[in-house]
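**Q** Provided below are the primary sequence and the corresponding predicted coordinates.
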Amino acid sequence: MIIEKNSFKDNKRKNRLTKIGSLLLILGFFAFSSKYIYNYFLLKNEEYLIKSFFDEQKEINNEVNFDDNIEHQNKKDYKNKIKKTNYFAVIKIPKINLEKGLCNKNTNCNNVNKNILVLNESDMPDKEKGNFILAGHSGIGRNAYFKNLYKLNIDDEISVFYNSNEYKYKVVNQYEIENTGTVNIVRNKAETTLTLITCSKNTKNQTIIICELYN
């Protein structure tokens with residue numbers, strides 16, 4: 001009788017442990033699935049926002065005749081009327097399969113922890129001899145949009161879509177600097193440039209990539 005009683009207790013304990021283990025597995029599965037589903041919907045939302053951006057640009061080009069007879073304010077009012085997103089530009093880097101919308105400087109989503117950051121010191125792409133400056137996280141995480149910048153080489157191409165135009169750049173220089181909170185940008189000021197800034201791989205330095213407009 002004693003042996004049977006202990007066996008009953010052991011079985012009861014095993015059943016309890018099995019239930020707890022199964023519950024933990026289920027909770028782990030849902031936690032993993034929730035993260036995957038959340039990231040999936042973030043990706044789909046980004047695709048939608050980028051598509052909306054290009055639809056807006058197409059609508060502006062097709063439905064409004066931006067000639068010298070239309071006042072600047074009328075053009076601006078029309079753009080604001082059809083605007084569906086906070087994106088004012090899109091950057092595309094085919095080499096690393098990156099296509100990302102960029103937010104205006106004065107919006108909440110222009111934040112390096114949420115998006116690719118457009119620096120306050122940045123000129124817009126249409127400014128002749130200007131410098132369009134972008135910064136992004138490397139490393140891991142869904143906001144590490146510049147994690148693969150280290151794969152870029154001289155002459156690799158980058159496009160920025162802005163104000164109904166595509167600005168095409170080529171990489172002309174790459175260098176590292178110490179991460180001190182300030183960035184020394186070395187570029188040819190006679191050229192219209194794009195500068196990309198991110199943290200270097202496996203060091204405490206920053207990587208600076210200089211690109212020049214060619215088309």
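**A** Received, thanks.

**Q** after the helix or strand of the chain with the lowest mean pLDDT, next one along is what?
**A** Counting by mean pLDDT, DSSP states H and E, the chain has its least confident helix or strand at helix 72-82, which shows a mean of 50. The helix or strand immediately downstream of helix 72-82 is strand 87-93, counting by DSSP states H and E.

**Q** that following strand packs against which elements?
**A** Other helices and strands packing on strand 87-93, by 3 or more CB pairs under 8 Å, 6 or more residues apart in numbering; DSSP states H and E, are helix 2-63, strand 98-103, strand 157-162. C-beta: built from backbone N, CA, C; applies to glycine.

**Q** check the ones you listed for me: which has the lowest mean pLDDT.
**A** Of all the helices and strands packed on strand 87-93, the minimum mean pLDDT falls on helix 2-63 (a mean of 69).

**Q** which strands or helices does the longest strand along the chain pack on?
**A** Of all the elements of type strand in the chain, the one with the most residues (DSSP state E) is strand 165-178. Where contact means 3+ CB pairs under 8 Å, 6+ apart, strand 165-178 is packed against strand 157-162, strand 193-199, strand 205-213.

**Q** and it, average pLDDT?
**A** In this model, strand 165-178 carries a mean pLDDT of 96.

**Q** and for stretch 121-130?
**A** The model assigns stretch 121-130 a mean pLDDT of 96.

**Q** buried sites along stretch 154-172?
**A** 156, 157, 158, 159, 160, 161, 162, 167, 169, 171, 172 (16 or more other CB atoms under 10 Å).

**Q** which residues touch the fourth one?
**A** Applying CB atoms under 8 Å, 6 or more residues apart in numbering, one finds that residue 159 lies in contact with 91, 92, 93, 166, 167, 168, 169.
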